[in-house]
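Visitor: Coordinates only, no sequence provided:
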């Protein structure tokens with residue numbers, strides 16, 4: 001029974017990831033459709049990151065927002081990802097009062 005459960009979970013996890021690859025490859029989408037679909041990963045990333053940013057220090061969401069703003073600014077300047085992460089950590093650390 002456990003083996004069938006694992007196989008079933010693997011199937012329902014894989015199908016939504018694999019099927020769109022084959023379907024979207026065959027579709028001839030208009031330019032606005034392609035732009036809309038290309039924005040989905042950024043929207044999902046924002047939805048995953050923003051709650052963590054505003055709750056990094058309990059009761060002081062501005063500290064997390066400042067760290068996030070520092071990370072966005074550093075990334076905008078095309079710094080390497082480790083530099084971006086370290087800048088955000090240092091900003092939150094300093095604003096939290098060590």
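Guide: That came through fine. Quantities reported herein were computed from a predicted structural model and do not represent experimental measurements. Residues are numbered from 1 along each chain as shown.
Visitor: and residue 58, helix, strand or coil?
Guide: coil (DSSP: H, G, I helix; E, B strand; the rest coil).
Visitor: Would you check how far apart it and residue 64 are?
Guide: 10 Å (Cβ to Cβ, to the nearest Å). (C-beta placed from N, C-alpha, C; glycine too.)
Visitor: Between the two, which is the more surrounded one?
Guide: residue 64 (22 against 6; other Cβ atoms under 10 Å).
Visitor: Can you say which helix or strand has the more buried one in it?
Guide: If you go by DSSP states H and E, residue 64 is part of helix 61-76.
Visitor: What's the mean pLDDT across that helix?
Guide: Taken as a whole, helix 61-76 has an average pLDDT of 95.
Visitor: residues contacting residue 24?
Guide: Going by Cβ atoms under 8 Å, 6 or more residues apart in numbering, residue 24 touches residue 37.
Visitor: where's it, which helix or strand?
Guide: helix 2-26.
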